[in-house]
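Asker: After the sequence you'll find the predicted model.
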Amino acid sequence: VTDGKQVAILVPTTILALQHYQTFSKRLEDFGVKVDYINRFRSTKEKTEIYQKLKSGEIEIVIGTHAILSKSIGFKDLGLLVIDEEQKFGVAAKEKLRSLKVNVDTLTLTATPIPRTLQFSLMAARDLSVIRTPPPNRQPIHTEVRVLNEDVIKESIYYEVNRGGQVFFVHNRVKSLLDVAAMIRRLCPDVNVTVAHGQMESDDLEKTLLGFIDKEYEVLVCTNIIETGLDIPNANTIIINDAHQFGLSDLHQLRGRVGRSNKKAFCYLFCPPISTLTSEARKRLKTLEEFSDLGSGFDIAMRDLDIRGAGNLLGAEQSGFIADIGYEMYQKILEEAMLELKQNEFKDLFEEELNDDLSYVREITLDSDVEMHLPDEYVSNIQERLNLYTQLDKLNNESEIDSFQAMLKDRFGRLPKPVLELFEGLRLRWVCKELGFERLVLKNNKLRCYFVENPQSPFYESDTFQKLFQYLASKGGKLQLNIKKNNRHLIVARDGIYTLKQARQLLIQIKEEALEVNK
C-alpha cells in the first residue's frame, strides 16, 4: 500500500469477510488506509460504488469472497493478492486465480498447518514459511478426551459462562442436533442456546452466527460449519461430540476456534470408551491430547501423515517429484510400481500373494455423458465435497453405500439424481474390476469396455479371461457383442445402452453366464 498499489484479500465465507474488514479497519485506522469489503450483505448500490473506487484507486485494501475474482472488477494497480484459508478453494478456484491475476504477488495462508491439500490438489508451492510464534499472552488449549458425561458438559458450560465467555458444542448430525440443544437447555436452563447447521436458510444461518458473535447467545450447538476461520475471541470452550468420527485435521481446525484471546481455553473431545475405538481413532485422539502446545501444528501434521502410513513426507527427506505431485498421487504411483515388480521381475517370489489377490485391475476409468457428481447446490463447501469424494472412493460394498447415503441424507437432504448416478457408477466399477475392464465408456447410447491395456498382464493368462474370451467370441443373438482390436486395446462393444444401471446389468449378466458364478 505504501508503494501506491492495491491489495485484494480473498476469503471463503461472507462472515469471515466481515470479520476481516472489522479487524483491518481497527488496526489501520491511524494510517489513513482505505479498507472496504464485498459480500452478499452489501447492496447493489454499495457494490457499484466499491467497484468505481477500486478502479479509481480510492480503495487500497478490499476484502471479499469469490466476487472479487470477477472479470468485471477492475483495479487501478493491484500489487498483492492474499488468499486466506487456501485449502477451502480447491484446484478450480486456484487455477482461475492464476489466470485472472497474472503478474501479481500472491500470498496463500491456511489457518491450520495440517497438509490437507496434499490429498486433493497440486499446490505448486515453492516457498514455505511457518509461523511458530503465537501472538502475545496466548495460552495453550487444555485438551481432554472424555466419555460423554452430562456432569462434565454442565460444569464446563457454567464455568465458561460464569467468566463471561461463550461455548461451542459441535455435533455433526443434523438429525439429532435439536435433541442435543434440548439436552443442554435442560442441563443449563438459564443459559441462552442457539443452533446452526448447513441445511438452514443462508440468511437464518448467518443471522445466528452474527448473533453469537455479538454475544446474544452463550452456547452455539452446531455441526462442523464453524471450522472455517471464524474468529470469536470470547468463545474459549469447545465440546466436540463423537470426536472419534472426525479426521485429525478437522479436530485440529475445530480446536483452533477457541483460545484466540489471552484467556485459558478448553477443548473436550467426547467419544465412546477408548477400548472400543479403532486403532487409528485412538491415535488421532491421543495426538490431539498430546500436542496441545502453541506452535505444535507441524508436529500434528507429521503425526497425521504417519498415521496414514506416508512417512516423513514434510521433512528434509522430501525431495524430487514428491513435493510437486502430492501425497495421494505419489502413493498411487508407488503402489503401481510395486505391483509391476511383483508381477514381472519377482513373480516367483510373490506367487502366493498374487494368487491370493486375483484383482488384475487397480483403477477403473469411467467416461460417460451421464451426469454423476455432488452438485454445488447440494454440498456448497468445496473442501467438504472433496472430503466426500475421497470417502466415497473407499466404499467397497452395498452395506457401506447404504450407510454413506444415509449420512448424506441426514446432513444435506434428499439425494438428487446426479448423486444417485454417482453411486451407480461406483457399483459399475466394482463389476468392471471383476471382469478385467480398466476403462468403460458410455456415450451416445453406446457402451465400450476396454480390457487391461498391458498385453503382458497376467490377466490374459488367467481363467477369467479365457472364459470371457470364449463366451464373447461365441455369443450372438440378443447381446450382439463383438470383440475387436483397437490399437493396443481389446474392446467389448454394445449399442442400445442408455443408463449406467443398464450397463451394470449387462456386465453382471456376462459375469454370471461366462464365469458360471451362479452355477
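Answerer: Ah, there it is.
Asker: any idea of the mean pLDDT in stretch 30-39?
Answerer: Averaging pLDDT along stretch 30-39 gives 90.
Asker: Quick one: end-to-end distance for that stretch.
Answerer: 25 Å (C-alpha to C-alpha, to the nearest Å).
Asker: Going by neighbour count, which residues of that stretch are buried?
Answerer: Under the neighbour-count criterion of 16 or more other C-beta atoms under 10 Å, stretch 30-39 has 33, 35-39 buried. Backbone N, C-alpha and C define where each C-beta goes, glycine included.
Asker: Residue 254 reaches residue 241, doesn't it?
Answerer: No. Under the criterion of C-beta atoms under 8 Å, residue 254 makes no contact with residue 241, lying 11.2 Å away.
Asker: Against which helices or strands is the strand or helix carrying residue 428 packed?
Answerer: Using DSSP states H and E, residue 428 falls within helix 417-435. Applying 3 or more C-beta pairs under 8 Å, 6 or more residues apart in numbering; DSSP states H and E, we find helix 417-435 packed against strand 365-368, helix 398-412, strand 437-443, helix 500-514.
Asker: For residue 459, which of those is the nearest?
Answerer: Between residue 459 and the helices and strands packed on helix 417-435, the shortest gap by C-beta to C-beta is with strand 437-443, which sits at 9.3 Å.
Asker: Residue 372: neighbour count?
Answerer: Neighbours of residue 372 under the rule other C-beta atoms under 10 Å: 18.
Asker: ok, now which ones touch the nearest residue to it once chain neighbours are set aside?
Answerer: Distance criterion C-beta to C-beta, 6 or more residues apart in numbering; nearest residue to residue 372, sequence neighbours excluded, is residue 421 at 3.8 Å. If you count contacts by C-beta atoms under 8 Å, 6 or more residues apart in numbering, residue 421 has them with 370-372, 500.
Asker: Among the residues you listed, which pair sits farthest apart?
Answerer: Greatest spacing in the contacts of residue 421, by C-beta to C-beta: 371 and 500 (10.6 Å).
Asker: Settle it for me: which of the two has more neighbours?
Answerer: Between residue 371 and residue 500, counted using other C-beta under 10 Å, residue 500 has the larger neighbour count: 24 against 12.
Asker: Report pLDDT for the closest residue to that one other than its chain neighbours.
Answerer: Among residues not flanking residue 500 along the chain, residue 424 sits closest, at 4.3 Å (C-beta to C-beta, 6+ apart). As predicted, residue 424 sits at a pLDDT of 93.
Asker: And residue 424, how close does it get to residue 379?
Answerer: Separation of residue 424 from residue 379 (C-beta to C-beta, to the nearest Å) stands at 18 Å.
Asker: Name the residue in these two with the higher neighbour count.
Answerer: Higher neighbour count among residue 424 and residue 379: residue 379, with 21 against 17, using other C-beta under 10 Å.
Asker: Now for that one: which residues touch it?
Answerer: Counting by C-beta under 8 Å, 6+ apart, residue 379 touches 385, 388, 412.
Asker: For the last one, give me its contacts.
Answerer: Counting by C-beta under 8 Å, 6+ apart, residue 412 makes contact with 198-199, 378-379.
Asker: let's see 10 Å
Answerer: Residue 412 makes contact with 174, 198-199, 374, 377-380, 384, 388, 419, according to C-beta atoms under 10 Å, 6 or more residues apart in numbering.
Asker: Among the residues you listed, which are located in helices?
Answerer: Judged by DSSP state H, helices contain the following of the contacts of residue 412: 384, 388, 419.
Asker: nearest spatial neighbour of the second one, skipping sequence neighbours?
Answerer: What sits nearest to residue 388 in space, not counting adjacent residues and going by C-beta to C-beta, 6+ apart, is residue 374, at 6.1 Å.
Asker: Pull the number of nearby residues for the one you found.
Answerer: Neighbour count of residue 374, defined by other C-beta under 10 Å: 20.
Asker: Residue 497 reaches residue 428, doesn't it?
Answerer: No. With contacts counted by C-beta atoms under 10 Å, residue 497 stays clear of residue 428, the gap being 11.1 Å.
Asker: Just the terminal-to-terminal distance for stretch 205-222.
Answerer: The first and last residues of stretch 205-222 sit 10 Å apart, counting by C-alpha to C-alpha.
Asker: before we move on, the earlier item: please report which of the ones in helices among the contacts of residue 412 has the highest neighbour count.
Answerer: Within these, neighbour counts (other C-beta under 10 Å) peak at residue 419, which reaches 23 neighbours.
Asker: still on that earlier bit, which residues touch the residue nearest to residue 388?
Answerer: Residue 374 sits next to 384-386, 388-389, 392, 408, 412, 415-416, 418-419, 422 when contact means C-beta under 10 Å, 6+ apart.
Asker: what is the mean pLDDT for stretch 369-389?
Answerer: On average, the pLDDT along stretch 369-389 is 86.
Asker: Just the buried residues of it, please?
Answerer: Within stretch 369-389, the residues that count as buried by 16+ other C-beta under 10 Å are 370, 372, 374, 378-379, 381-388.
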